[in-house]
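Chemist: dropping the sequence and predicted coords here.
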Amino acid sequence: MTFHPLLTLFGRLEMVEVYDIYDRPVLFTCRNDADTRYLVVLVEENAADDVWMYAEVSPTRLNRIRTGIIDLHTAFTQTETYSIWRIRMPHDPTAPVQWDIKPCHLLPLSEVPLPGEFITIPVHTAPALVDDLDRRAAQARRDFARFGFDFNTTLATEAPVKPLGLIFASIQDIVHSLASMLNTQFKGIVPQEIPREHQLVFEAAGAGSFEVQIASYAMGDLFGQSDVGRALDELMTVIEIRDDEDALQERLAILKANVTAKYLIFLRHLRDYVAYTHILWVSPSGTRRDVSLNNPLVGDIIRIIEKSDQSSDETFDIEGILIGANLDSKTFVIKTTLDNKKTLDYSGKVSESGMKALTYAQLSSHYRATIKKTSTFHPITGKIEELKELIALTRMD
Amino acid sequence: MTWPACYPQFCPPEESVPTNGGVYRLLYTETPQPIDFKSHRERDPLKPFPVPECQVCGLSVYSELEGAIAMRNRIPALREKKIGFGVLEEPHGMMLKTRGKHPSHHTWWCPIECEPWTFFTHHTEG
């Protein structure tokens, strides 16, 4: 639609959405070919011309205005550019258009919508989730977590499918990594298969910001403790550190490279797709924690992690069958059997102290091995390089 | 009924109904004038509008006072307008509930022979 042949200030404008009509559209949004959007309202009308007010709006803010989170008064008096355009358009299409730019905080009340007036686009998604998590967590003896997202490009009550999937996959991964590491039986490697005790399930979705509620698949013990609960508790602690560089480096050094890698993936998805995130966790024992992250803060945390040195060592014992040993190349392979009957091979170099025992070792025999694992996290690629070294070997049979 | 020359074909729309009931409309002054009941198409014959042409040929009215008040609150250009009230009957044209913020918003298609400024009055706000 052509607004006025001589209005070229914003380029070619196209009407996007009309919110109010009084004989004609009087409140609407439009955009130009550069996809810059404007919220527009009629300020004056008289015999010779009309005066319109244009406020430039980002997609995120426009969503919040459209869905009634920000009222119209605020939309025009607190613009993201701190200013509005005032356009005087003559009814005569050949007469010149006049415009000027004004600081939005100086607008008189007579020239803006009154406070308390909202646009409310009808939505077709679920109603807001009821806050009864404490009761539900206690009754079900499961951990519940509610994630609220303001996605960059959609209505506040909707979410793009792929980013949502990526974010929740990364949440499951980080919970699994944390739950594995916090387990006293941890053998230094986070298994690829996620056990039931670490699994999260989708529980409900709701409106407001876009909200998703998840829960632990498995129940907690009699005290309301669970692997997922411990993992979520730790995740909240890490997030609450926010961009305190020293504290974050110290915490991630304790949690090691695998968790750091998963946390970074989670943050990157938030940075790429979400303007604002709120997380609420409730445990069966009544622990309740919540945190929030905005996009700039997520970017700061990512920068801290990306420039950090994430190389860590850990030493642990395993038991298994020696299935490979090469004295020339100083390498070994030990096959272990996991609780679920699946097998896991540990392989790598042999240290000087390990070589003595390996020299007299017998293949296919059962051994206890002391392994030193060095994990190096490469923040740019998000990959973890792990090197294992056999330190000691003791025959068991 | 004789419709203004600017009305497109099939306007008023088939789903519209004969006017019936009290409605509120915004007025320039306390005394209703012909200009208060001129559609934007009649005022601006050439300008394109991004809504159906038939709707631009009609007049916005509200079946509830709150609707008219809300529109004044939201749109600065309408803030100083007065509120007029008139009781519409069958000879006064056709109307249809149309899109608007307030659920009482209707579009009214007014035939040439109807002179609404003669039976609309200024609604005194208490």
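Modeler: That came through, no problem. Keep in mind it's a predicted model, so treat the numbers as computed, not measured.
Chemist: what does chain B put close to chain A?
Modeler: Taking Cβ under 8 Å from any Cβ of the partner chain as the test, the list of chain B residues beside chain A reads B:26, B:39-40, B:43-44, B:46-51, B:55-56, B:58-60, B:70-71, B:73-79, B:98-101, B:105. Where C-beta positions appear, they are placed from N, C-alpha and C, glycine not excepted.
Chemist: apply 6 Å and report the result again.
Modeler: Proximity of chain B to chain A (Cβ under 6 Å from any Cβ of the partner chain) is limited to residues B:40, B:44, B:48-50, B:56, B:60, B:71, B:73-77, B:100-101.
Chemist: show me the shaky parts of chain B.
Modeler: Along chain B, the parts satisfying pLDDT under 70 run over B:50, B:99-101, B:126.
Chemist: what of the stretch 1-150 of chain A?
Modeler: Using pLDDT under 70 as the threshold, the predicted model of the stretch 1-150 of chain A has low-confidence ranges A:1-6, A:121-131.
Chemist: would you map the strands across it?
Modeler: Remark: strands assigned in the stretch 1-150 of chain A by DSSP state E, counting those that start in this stretch are A:14-22, A:24-31, A:37-45, A:49-57, A:83-90, A:98-103, A:144-151.
Chemist: need the contact partners of the lengthiest helix in chain B.
Modeler: For chain B, the longest helix by residue count, based on DSSP state H, is helix B:65-74. Helix B:65-74 is contacted from outside by A:22, A:113-114, A:117, B:24, B:62, B:78-79, B:83, B:102, B:104-105, using Cβ atoms under 6 Å, 6 or more residues apart in numbering or on different chains.
Chemist: apply 7 Å and report the result again.
Modeler: Residues external to helix B:65-74 that are found in contact with it (Cβ atoms under 7 Å, 6 or more residues apart in numbering or on different chains): A:20, A:22, A:27, A:72, A:113-114, A:117, B:24, B:26, B:62, B:78-79, B:81, B:83, B:101-102, B:104-105.
Chemist: within the sheet, what are the partner strands of the helix or strand that it is followed by, with directions?
Modeler: Along the chain past helix B:65-74, the next helix or strand (assigned with DSSP states H and E) turns out to be strand B:82-88. According to DSSP bridges, strand B:82-88 forms sheet pairs with strand B:21-27 (antiparallel), strand B:121-122 (antiparallel).
Chemist: what's near enough to touch the most centrally placed residue in chain A?
Modeler: The geometric centre of chain A, computed from its C-alpha atoms, lies nearest to A:Leu270 (Cα atoms, centre = their mean), at 3.3 Å. Contact analysis of A:Leu270 by Cβ under 7 Å, 6+ apart lists A:167, A:277, A:293, A:298.
Chemist: now the residues you listed as CSV including distance to A:Glu45?
Modeler: Output for the contacts of A:Leu270, formatted as CSV (distance: Cβ to Cβ, whole Å):
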residue, distance to A:Glu45
A:Ile167, 47
A:Thr277, 43
A:Leu293, 45
A:Val298, 45
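Chemist: closest to chain B among these?
Modeler: If you rank the contacts of A:Leu270 by distance to chain B using Cβ to the nearest Cβ, A:Thr277 comes first, at 31.4 Å.
Chemist: what about the closest one, which SS state?
Modeler: Three-state secondary structure (criterion: DSSP: H, G, I helix; E, B strand; the rest coil) places A:Thr277 in strand.
Chemist: for residue 65, grab the count of nearby residues.
Modeler: Here I'm looking at chain A. Other residues lying near A:Ile65 total 24 when counted by other Cβ atoms under 10 Å in any protein chain shown.
Chemist: correction: the question concerned chain B.
Modeler: For B:Leu65, the neighbour count with other Cβ under 10 Å is 15.
Chemist: state the distance from it to B:Gly84.
Modeler: Distance, B:Leu65 to B:Gly84, using Cβ to Cβ, to the nearest Å: 11 Å.
Chemist: counting neighbours, which bits of stretch B:14-34 end up buried?
Modeler: Buried residues in stretch B:14-34, counting neighbours by 16 or more other Cβ atoms under 10 Å in any protein chain shown, are found at B:16, B:19, B:23-27, B:32.
Chemist: ok, now stretch A:81-101?
Modeler: Of the residues in stretch A:81-101, A:83-89, A:91, A:97 count as buried by neighbour count, 16+ other Cβ under 10 Å.
Chemist: chain center to that stretch, what's the gap?
Modeler: Distance of stretch A:81-101 from the chain centroid (Cα atoms, centre = their mean, to the nearest Å) equals 42 Å.
Chemist: how about that stretch and chain B, any contact?
Modeler: Yes. For stretch A:81-101, a contact with chain B is found by Cβ under 7 Å from any Cβ of the partner chain, at A:His91.
Chemist: list phi and psi for A:Tyr346.
Modeler: Note on A:Tyr346: its backbone torsions stand at phi -110, psi 130 [degrees, to the nearest 10].
Chemist: for beta bridges, what are the partners of it?
Modeler: Taking DSSP bridges, one finds A:Ile334 as the beta-bridge partners of A:Tyr346.
Chemist: check the secondary structure at A:Glu211 for me.
Modeler: Using three-state DSSP as the criterion, the local structure at A:Glu211 reads strand.
Chemist: that one touches A:Phe202, doesn't it?
Modeler: No. The pair A:Glu211 and A:Phe202 fails to qualify as a contact (Cβ atoms under 7 Å) at a distance of 11.9 Å.
Chemist: out of those two, which sits in the more crowded spot?
Modeler: Here A:Glu211 and A:Phe202 are compared on neighbour count by other Cβ under 10 Å; more neighbours surround A:Glu211, at 20 against 10.
Chemist: I'd like the distance between the closest residue to the more buried one other than its chain neighbours and chain B.
Modeler: Closest residue in space to A:Glu211, ignoring its immediate chain neighbours: A:Gly148 at 4.7 Å, by Cβ to Cβ, 6 or more residues apart in numbering or on different chains. Going from A:Gly148 to chain B by Cβ to the nearest Cβ, to the nearest Å gives 27 Å.
Chemist: over to A:Ser329?
Modeler: According to Cβ to the nearest Cβ, A:Ser329 stands 75 Å off from chain B.
Chemist: let me see the contact set for A:Arg196.
Modeler: Counting by Cβ under 7 Å, 6+ apart, A:Arg196 makes contact with A:217-218.
Chemist: and the helices in chain B?
Modeler: Remark: helices assigned in chain B by DSSP H are B:40-43, B:53-56, B:65-74.
Chemist: farthest-apart pair in the residues of chain B next to chain A, please.
Modeler: Checked with Cβ to Cβ, the residues of chain B next to chain A reach their widest spread between B:Pro48 and B:Asn73, with 28.4 Å between them.
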